[in-house]
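1. how does the following fold in three dimensions:
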Amino acid sequence: MLIHPTAVIANKAEIDSSVHVGAYAVIEEGVRIGAGTRIEPHAVIAGLTTIGVGNVIGPFTSIGTPPQDLSYAGEPTQLVIGDHNHIREYTSIHRGTVKGGGRTVIGNSNLLMAYCHIGHDCHIGNHVIMANVATLAGHVDVADHVSISGLVAVHQFCRIGSYAYIGGMSGINLDVAPYVIVTGTRSRMRVSGINKVGLRRHGFSKEIIGKLDQAFRILFRSPDLLQADALVQVRKDLPDCAEVESLVLFLESSKRGVAKRTED
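-> Below you'll find the predicted structure:
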């Protein structure tokens, strides 16, 4: 184990022998860190935090600190981080709350750039990119392969569907459907279309992208159709397509409502 002599590590912290810990890092009791993870100087890892293998925790990060929730009364809630994540400098990730299920969860192979914030009880999937100063309030769910640009703020309890792209300086207070591009402030969120470039980069076929684009036009650009009728039409016109079905299911299950405005 390569631990700088100035690091402060609790006796009961569980750290694999291959973990690197930089100067002035603080690791508290209850923390568990898996093989090959690197903790950079001045990082603070607190509470009941479990970190998997091959992660990089950047300098001046605050990982597993208490939730910013007035109802929190010191309960032993958790933060669980998977494998091969890059968490850059000054990022903060908070533990869960009892009322929110008690766990904040980060998946695998995510890139959280400098100054990101992930609030209590958030659930982040795999291969998510959050650019500088992107902020998630509590209870936000982010699915796999989502890209969130810089200075984006996401309201609590929102869901971001897989392969969605959120443009810079956006304010999100509604659910964002899978596969779409969203930009704008909370009062003028605009859904511009299917994230075709992102889908091509991830290996989606022209046929699948075409079907998603057709479904988008029915669901988002048919003002004369009620959503329930649009969902029925999509299932009728585009059967046996798992990606289209996931888009339909997302809209059906939304509790906050889905961002759908397509024009300024």
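
2. biggest helix in this protein, by residue count?
-> Scanning the chain for the helix with the most residues, using DSSP state H, yields helix 206-220.

3. show me what counts as buried in it.
-> By neighbour count on 16 or more other C-beta atoms under 10 Å, the buried set for helix 206-220 is Ile208, Ile209, Lys211, Leu212, Gln214, Ala215, Phe216, Ile218, Leu219, Phe220. Any C-beta I mention is one placed from the backbone N, CA and C, and that applies to glycine too.

4. the last one against Thr262, yeah?
-> Read that as Phe220. Yes - counting by C-beta atoms under 8 Å, Phe220 does reach Thr262; the two are 5.4 Å apart.

5. please enumerate the shared neighbours of these two.
-> Common neighbours of Phe220 and Thr262 (criterion: C-beta atoms under 8 Å, 6 or more residues apart in numbering): Val191.

6. what about the strands in the stretch 101-250 of the chain?
-> For the stretch 101-250 of the chain, applying DSSP state E, counting those that start in this stretch gives strands covering 103-106, 111-112, 117-118, 123-124, 129-130, 135-136, 141-142, 147-148, 153-154, 159-160, 165-166, 171-172, 180-183, 190-194.

7. now the ones you listed in JSON lines, with mean neighbour count and mean pLDDT?
-> As requested, the strands of the stretch 101-250 of the chain are exported to JSON lines (neighbours: other C-beta atoms under 10 Å; pLDDT from 0 to 100):
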{"stretch": "strand 103-106", "mean neighbour count": "23", "mean pLDDT": "98"}
{"stretch": "strand 111-112", "mean neighbour count": "21", "mean pLDDT": "98"}
{"stretch": "strand 117-118", "mean neighbour count": "24", "mean pLDDT": "98"}
{"stretch": "strand 123-124", "mean neighbour count": "24", "mean pLDDT": "98"}
{"stretch": "strand 129-130", "mean neighbour count": "22", "mean pLDDT": "98"}
{"stretch": "strand 135-136", "mean neighbour count": "22", "mean pLDDT": "98"}
{"stretch": "strand 141-142", "mean neighbour count": "22", "mean pLDDT": "98"}
{"stretch": "strand 147-148", "mean neighbour count": "24", "mean pLDDT": "98"}
{"stretch": "strand 153-154", "mean neighbour count": "22", "mean pLDDT": "98"}
{"stretch": "strand 159-160", "mean neighbour count": "26", "mean pLDDT": "98"}
{"stretch": "strand 165-166", "mean neighbour count": "25", "mean pLDDT": "98"}
{"stretch": "strand 171-172", "mean neighbour count": "20", "mean pLDDT": "97"}
{"stretch": "strand 180-183", "mean neighbour count": "21", "mean pLDDT": "98"}
{"stretch": "strand 190-194", "mean neighbour count": "20", "mean pLDDT": "96"}
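
8. dump these to a markdown table, plus distance to Ile93.
-> Shown next, in a markdown table, are the strands of the stretch 101-250 of the chain (distance: least, C-beta to C-beta, whole Å):
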| stretch | distance to Ile93 |
| --- | --- |
| strand 103-106 | 7 |
| strand 111-112 | 8 |
| strand 117-118 | 5 |
| strand 123-124 | 9 |
| strand 129-130 | 11 |
| strand 135-136 | 10 |
| strand 141-142 | 13 |
| strand 147-148 | 15 |
| strand 153-154 | 14 |
| strand 159-160 | 17 |
| strand 165-166 | 19 |
| strand 171-172 | 19 |
| strand 180-183 | 23 |
| strand 190-194 | 28 |
